[in-house]
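**Q** Build the 3D model from these lines:
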Amino acid sequence: MTVASPRPPLAPVPDPLPRERIDAVLSRVEKPARYTGGEWNSVVKDWAACDLRWCFAYPDLYEIGMSNLGLKILYEVLNDREGVLAERCFAPWVDLHDALRAEGLPLWSLETRRPLAAFDVLGFSLGYELVATNLLSMLHLGGVGLATSERGPGEPLVIAGGTTTLNPEPLAEILDAVVLGEGEEAVVEIGDALRAVGWTHRTVDEGGGVRRGATRATALRALAAIPGVYVPSLYRPEYHEDGRIDRIERHDPSVPARVTRRIVADFEANVRGIRQVVPNIPVVFDRAQVEVMRGCTRGCRFCQAGMQFRPLRERPAAVAIEAADAILAATGYEEIGLTSLSTADYTHVREVALAIRDRHPDVHVSIPSTRVDAFTVDLTDALAPTRRTGFTFAPEAGSQRLRDVINKGVSDDEIARCAELAFSRGWSTLKFYFMIGLPGETTDDVLGIAAICRRVLAIGRRHHGDRVQVKANVSTFIPKPLTPFVWDGQDSMPRIEEKVAALQKALRGRGLDLSWHDAESAILEAALSRGDRRLGAVIRRAWESGARFDAWNDHFRFDLWMAAFAAEGLDPAWYAQRAIPLDETLPWAHLDGGVTDAFLQEEWQRSRDEKTIPDCHWDACYDCGIPEGTGFDCRTGDRGPRAALVTVEPLRPGTGDPRVRRRWAYVGPPGDPRRDGTPAAR
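**A** This is a model prediction of the structure:
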């Protein structure tokens, strides 16, 4: 008779770190509340009752990460599922970082104080290229291998999402998997796939370590089968001798040749992220948030987000108002932001803002920075009838010509009209976002920024005298994947510094304030943005040399990065400042962002011709590729989908009043029974 081998014992639930050790360390650091958890709406689940354990890791300070709506949404999505828990961890500031290394204490999660290595999945949110070294610091402090090839069988999978993952290649050796696009549905499918293959089944091996019911290779292949999930280790780039990409090969022919980004199908009807965690300390955006619209079709040629989050989807007013009521009830906030890439373009912005004010008189309603051509009296009065602090606009360029190049179709007179309106309605401080180094920019374009600010200052002084403040925030152009300008090189550092110096000289005087980003961090951001897998060695070498918190001026060490590039035989200028031929294979050519290269190159040519195209939600469809890539059929003939679904009616029928009102028909996702597939009569 054959005797069955005894089953290996189940691995015990990992213990939390001792509170007394954590308290002793936190007593020596700045703002210990960053690391204690216990916030309103935070969720603590029983580890013994949950077989799938996520930790969302944000590679920047608590104050930055707790302002991120996406993190709050995914946290709620997973914690609402039975048998699944999601906790949080943020990058420790330098004081705690050093204390953890000195004490030999691992980095822990906020909810239950467990080390990162105890989780099944670490989900990193990557919104900025310069957090790469913080990612490595968190893995190292959490007891997790720095590279996918260095992780043991019991260690968690390291998965990333976020806006920078359109090109995750510089992090390809670090990340086990990448979620391309929107994650609300993908994270659920990832969990289901890992459970199905046995990743969450933990036993104790003969040496006392944790063994999972699936190998890492099995788990990664299961993830690669999920639409929108990219597993870098299953692909291999081949290079030309001069460093350019020749082609990208698959190690396994069963994985897709191109991975297409995810788009949530029910955004309009289903609002996630109601029970938003309320932070213990003030954070950057310390308010409730309701996302009223996702995507943008304005078509600014430098803007990655505007291309990345297509198609544009709007929540009906009733859905947005109901969500705002629920979020305010769940959080107790006295301010709520109506968030999107361009909230002033939201069809129902005034209706929603007024409804929230009527239902919650003590709550302030705010929106992000506003397009100049979308700023109206009705909008200002709906948003802030009494509170008049500051307002932010984004003209982006200093001249009409350059705004045409970047497809930012606003004139100097429209900017002046906008300033007049804001100052006349009580605002005394206006902030403007500009960029320097845009393709085709001249010195006159740069000095045009100062001319605009001085004109606005003069308008403000007529209303508020010397109390008026005009602030110009100037960033440096970064060529980004999935934009028409990705093929354009960045200005050299000396040229950027010359432009900043010219602005400093031109913007001196009372009531004017100029802030700018330094040229050194800009070239690094551009290099990582367009970089390939060889930059992974640069990132790791810079981190080993002490680079961390590179997004913070006080801690950014450009010398460490330059030494790391030199040691690897690479040049950041080759990645950042080189004009890339339109027919060159890009490092992310196997990743499909939805918008096609053909459309982006058409837009690149239009920029050279200084030609603009209108918002395709009010005009013709330009066939950007979204229909083929996503199943959202945007094409409606010679008019855009919003125009085709708007009915125009007399404001006061039978009175002779020439004014009209527009009614926008609800458009849900494909298959939604409320979807109106019949365009309004033209």
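
**Q** Could you use CA atoms for every contact and neighbour count after this?
**A** OK.

**Q** just for this structure, where's the confidence low?
**A** 1-7, 369-378, 380-381, 383-389, 627-649, 660-682 (pLDDT under 70).

**Q** one more time with 80, if that's ok
**A** 1-10, 206-208, 265, 368-391, 409, 617-621, 627-652, 656-682 (pLDDT under 80).

**Q** Which helix runs longest in it?
**A** helix 443-464 (DSSP state H).

**Q** Mind giving me the packing neighbours of that helix?
**A** Judged by 3 or more Cα pairs under 8 Å, 6 or more residues apart in numbering; DSSP states H and E, helix 443-464 is in contact with helix 412-424, strand 469-476, helix 493-506, strand 512-516.

**Q** Can you tell me which of those is most buried?
**A** Greatest average neighbour count among these goes to strand 469-476 (a mean of 21), per mean count of other Cα atoms under 10 Å.

**Q** So what angle separates the directions of that one and helix 493-506?
**A** 170 degrees (axes from the mean of the first three to the mean of the last three Cα atoms, to 10 degrees).

**Q** List the strands paired with strand 469-476, with their directions.
**A** strand 429-436 (parallel), strand 512-516 (parallel) (DSSP bridges).

**Q** Export those strands to JSON lines and append columns for distance to I580.
**A** Compiled in JSON lines, the strands paired with strand 469-476 are given as follows (distance: least, Cα to Cα, whole Å):
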{"stretch": "strand 429-436", "distance to I580": "20"}
{"stretch": "strand 512-516", "distance to I580": "27"}
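
**Q** wait, which of those strands is closest to E584?
**A** strand 429-436 (26.1 Å; Cα to Cα).

**Q** now the closest one: how far from the chain's centre is it?
**A** 20 Å (Cα atoms, centre = their mean, to the nearest Å).

**Q** what's in contact with that strand?
**A** Contacts to strand 429-436, defined as Cα atoms under 8 Å, 6 or more residues apart in numbering, come from residues 389-398, 419, 446, 449, 468-477, 496, 499.

**Q** hmm, back to that, could you take the helices and strands packed on helix 443-464 and lay them out as TSV, with extra columns for distance to F556?
**A** Shown next, in TSV, are the helices and strands packed on helix 443-464 (distance: least, Cα to Cα, whole Å):
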stretch	distance to F556
helix 412-424	35
strand 469-476	17
helix 493-506	16
strand 512-516	15
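
**Q** Out of those, which gets nearest to N79?
**A** Of the helices and strands packed on helix 443-464, nearest to N79 by Cα to Cα is strand 469-476, at 38.0 Å.

**Q** before we move on, back to that, quick one, which of the helices and strands packed on helix 443-464 is nearest to E568?
**A** helix 493-506 (21.4 Å).

**Q** tell me what that closest one is packed against?
**A** helix 443-464, helix 519-529.

**Q** and it, C-alpha only, in PDB?
**A** Listed next in PDB are the C-alpha coordinates belonging to helix 493-506 (Å, rounded to 0.1, in the frame of the first residue of the first chain):
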ATOM      1  CA  MET A 493      20.100  72.700 -20.500                       C
ATOM      2  CA  PRO A 494      22.000  75.900 -21.400                       C
ATOM      3  CA  ARG A 495      19.200  77.000 -23.700                       C
ATOM      4  CA  ILE A 496      16.600  76.300 -21.000                       C
ATOM      5  CA  GLU A 497      18.600  78.300 -18.500                       C
ATOM      6  CA  GLU A 498      18.800  81.200 -20.900                       C
ATOM      7  CA  LYS A 499      15.000  81.200 -21.300                       C
ATOM      8  CA  VAL A 500      14.500  81.200 -17.500                       C
ATOM      9  CA  ALA A 501      17.000  84.000 -17.100                       C
ATOM     10  CA  ALA A 502      15.200  86.100 -19.700                       C
ATOM     11  CA  LEU A 503      11.900  85.500 -17.900                       C
ATOM     12  CA  GLN A 504      13.400  86.400 -14.500                       C
ATOM     13  CA  LYS A 505      14.500  89.700 -16.000                       C
ATOM     14  CA  ALA A 506      11.200  90.400 -17.700                       C
END
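
**Q** Fine by me, we can end here.
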